[in-house]
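> Provided below for reference: sequence and predicted model.
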Amino acid sequence: MLVSHKALRLIFVAVLACFATSSTLAAPPNVLFIAVDDLRPELGCYGVPVQSPNIDQFAREGTLFERAYVQCALCMPSRASVLTGRRPDTTGVVDFSVRFRDVLGDVVTLPQHFKNNGYHAAAFGKLFHHDDPASWSERLWQSNRKPYHTEFGNQVLGWIKEDHRRLTYVWDLGDGVEKTKRPGGLAWEAPDVSDDALRDGDIANAAIGKMSELKDQPFFLAVGFHKPHLPFIAPKKYFDLYDRDEIALATNPFPPRDAPKFATYNWNDLRHYYGIPDVGPVSEQQARELKHAYYACVSFMDAQVGRVLKSLDDLGLRDNTIVVLWGDHGWQLGEHGMWDKHSNFETSTHAPLIIRTPGQTPARTKALVEFVDIYPTLCELSGLSVDEGLEGQSFAPLIENPNRAWKDAAFSQYKRVIPGYGQVAPGMGYSMRTDRYRLTEWLVPGTEFRAYELYDHQSDPDENVNLAGASKHRMLVDELKTKLHAGWQAASP
């Protein structure tokens, strides 16, 4: 059959169009990787009365994971898990005493994997707890902004500097174990300054500048914001967004009934700040001040996230950039009488996770996901190979179908001194969150010691009553123990 010149031209144009389209689709997507320190799901998009308009809008454009869980409620272990795609028992990082490369050697981290595949990997602020130069294409950028900005804030720092020996505290961790810690400055401050005067504003500026530099090449841009980590410092205008007297305090400022004593913690993160009591609870006034300041820091951080996302749009990069925002763990705001993370409770292990991919349908999902899943997910979404050593499960299918069947459990752990055993044989609490329950098993390796917590989230979402010791729940505890011991592989979809 003869084909006319006109028909040939049409076929040729169609082929070129297909080639151009496939080339566009094949272009590697950028990754904007936003980490936030000590951010629990205290955001408007999670149903909490906090002013977070930029993250809320971002959540409306992507997929919000309502039930995402960290592997350890402490920044260094949690970040090591996210960035290596391995769980704490594999990384060896369960506190601040071990770094992941001491155990895993030349393991390829998430940003390093992208770097090895032609991406420019750059980092700003806090990503790893300690920097890992092998992960980046250039040196980590850190702000040199000073922490305090009021006259009184700097005066307190002066007192500490002048007489730090007298002001050094000794904390009783239990079982005869003590820890010495030099006091910090003010726990919160509301200076009347611009966003740029504070560290996170400075970080946002630097990240925006780098994004503009890299706009014509594939990049993995990691931005680590520090707030709302202590001390709770934000410009005064973010404090002014709230009426302190209208902020509701925790309804359960007491340990869970029948829980082992070591399930809770002495919240030393906060105690060493100026004016915070050495023992016992904070006053109601202090509780209101602290929660108000935490909210102000969330709003301040939200504004910086908004600036970075706006820059992405202004540079025309939205349609070819995957954006993920995550908090490295939760934080107690008075729940169970605690003001920190350092636990296996829902308030410590549950953290925000939101991801936006080009062309996706916005959604929310109640599927159980884990932060160790972020590494394989970004690889799948970017078309990169996945290391067989990864211990997470890509949740990319949930972005396409947020209601599909998924994991039936998420796993966390926390190291704790168990009375009677000391730090020579530290205990470990392994915690499992299912659709309805949380079971935590406390043990001391090499011994017969076991203790359990069981919370029913259907009847007790705040985890106020430990059911593990009740005879009527013995079969349920045994069933959940079997599931816990089967581990994360057995819980995968």
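The structure has been received and is ready for your questions.
> Looks to me like Gln458 is in a helix.
No. Secondary structure of Gln458 (DSSP: H, G, I helix; E, B strand; the rest coil): coil, not part of a helix.
> how far away is the closest residue to Gln304 other than its chain neighbours from Ser143?
For Gln304, ignoring the flanking residues on the chain, the nearest one in space by Cβ to Cβ, 6 or more residues apart in numbering is Ala204 at 4.0 Å. C-betas here are computed from N, CA, C, even on glycine. Between Ala204 and Ser143 the computed distance is 10 Å (Cβ to Cβ, to the nearest Å).
> now Arg438
38 Å.
> what do you get for Asp328?
Separation of Asp328 from Ser143 (Cβ to Cβ): 18 Å.
> neighbour count winner among the two?
Of the pair Asp328 and Ser143, Asp328 is the one with more neighbours under other Cβ atoms under 10 Å, namely 29 against 17.
> Ramachandran coordinates for the more buried one?
Main-chain torsions, Asp328, degrees, to the nearest 10: phi -70, psi -10.
> I'd say it and Val36 touch.
Yes. Counting by Cβ atoms under 8 Å, Asp328 does reach Val36; the two are 7.2 Å apart.
> if I pick the nearest residue to Cys45 once chain neighbours are set aside, what's in contact with it?
In this structure, Cys45 finds its nearest non-sequential neighbour in Ala59, 3.9 Å apart by Cβ to Cβ, 6+ apart. Residues counted as contacts of Ala59 (Cβ atoms under 8 Å, 6 or more residues apart in numbering) are 43, 45, 354, 364.
> go on, Asn464?
Applying Cβ under 8 Å, 6+ apart to Asn464 gives the contacts 252, 254, 256-257.
> buried subset of those?
Listed as buried from the contacts of Asn464 are Pro256; burial here means 16 or more other Cβ atoms under 10 Å.
> Which of the contacts of Asn464 sits closest to Met432?
The closest of the contacts of Asn464 to Met432 turns out to be Pro256 (Cβ to Cβ; 16.7 Å).
> And the closest one, how far from Ala248?
Relative to Ala248, Pro256 is positioned 20 Å away (Cβ to Cβ).
> what's the answer for Ile322, then?
36 Å.
> Could you check how many residues crowd around Lys483?
By other Cβ under 10 Å, 17 other residues sit near Lys483.
> quick one: it and Asp435 touch, right?
No. Look at Lys483 against Asp435 with Cβ under 8 Å: they stay out of range, at 11.7 Å.
> Buried ones in the helix ranked longest in the chain, by neighbour count?
For the chain, the helix reaching the highest residue count under DSSP state H is reported as helix 284-314. Using 16+ other Cβ under 10 Å as the test for burial, helix 284-314 gives 286-309, 311-312.
> quick one: the helices in the stretch 51-200 of the chain?
Remark: helices assigned in the stretch 51-200 of the chain by DSSP state H, counting those that start in this stretch are 53-61, 75-84, 88-91, 100-104, 110-116, 151-162, 199-214.
> buried stuff in the second one?
Yep, that's helix 75-84 we're talking about. The neighbour-count check on helix 75-84 (16+ other Cβ under 10 Å) flags 75-84 as buried.
> Could you do the fifth one as well?
Going by neighbour count (16+ other Cβ under 10 Å), the buried part of helix 110-116 is 110-115.
> how about these in a markdown table, adding distance to Pro191?
Below are the buried residues of helix 110-116 laid out as a markdown table (distance: Cβ to Cβ, whole Å):
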| residue | distance to Pro191 |
| --- | --- |
| Leu110 | 35 |
| Pro111 | 33 |
| Gln112 | 38 |
| His113 | 40 |
| Phe114 | 37 |
| Lys115 | 38 |
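> Rebuild these as a markdown table, extending it with distance to Asp269 and pLDDT.
What follows is the buried residues of helix 110-116, written out as a markdown table (distance: Cβ to Cβ, whole Å; pLDDT from 0 to 100):
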| residue | distance to Asp269 | pLDDT |
| --- | --- | --- |
| Leu110 | 27 | 98 |
| Pro111 | 27 | 98 |
| Gln112 | 30 | 98 |
| His113 | 32 | 98 |
| Phe114 | 33 | 98 |
| Lys115 | 33 | 98 |
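> Tell me who's in contact with the closest residue to Ala68 other than its chain neighbours.
Setting aside the residues directly before and after it, Ala68 is nearest to Leu353 in space (Cβ to Cβ, 6+ apart), at 3.7 Å. Neighbour list for Leu353: 64-65, 68, 324-327, 369, 371, 374 [criterion: Cβ under 8 Å, 6+ apart].
> now, among these, which is nearest to Glu151?
For the contacts of Leu353, the residue nearest Glu151 by Cβ to Cβ is Gly327; the value is 32.3 Å.
> Please name the bridge partners of that closest one.
On the basis of DSSP bridges, Gly327 is bridged to Val36.
> In contact with it, which residues?
Residues in contact with Gly327 (Cβ under 8 Å, 6+ apart) are 35-41, 351-353.
> thought Leu454 was touching Arg436?
No. The pair Leu454 / Arg436 is not scored as a contact, 10.7 Å apart, by Cβ under 8 Å.
> of those two, who's got more company?
Between Leu454 and Arg436, counting by other Cβ under 10 Å, Leu454 is the more crowded of the two (24 against 10).
> Am I right that the more buried one is in a strand?
Yes. Counting by three-state DSSP, Leu454 is located in a strand.
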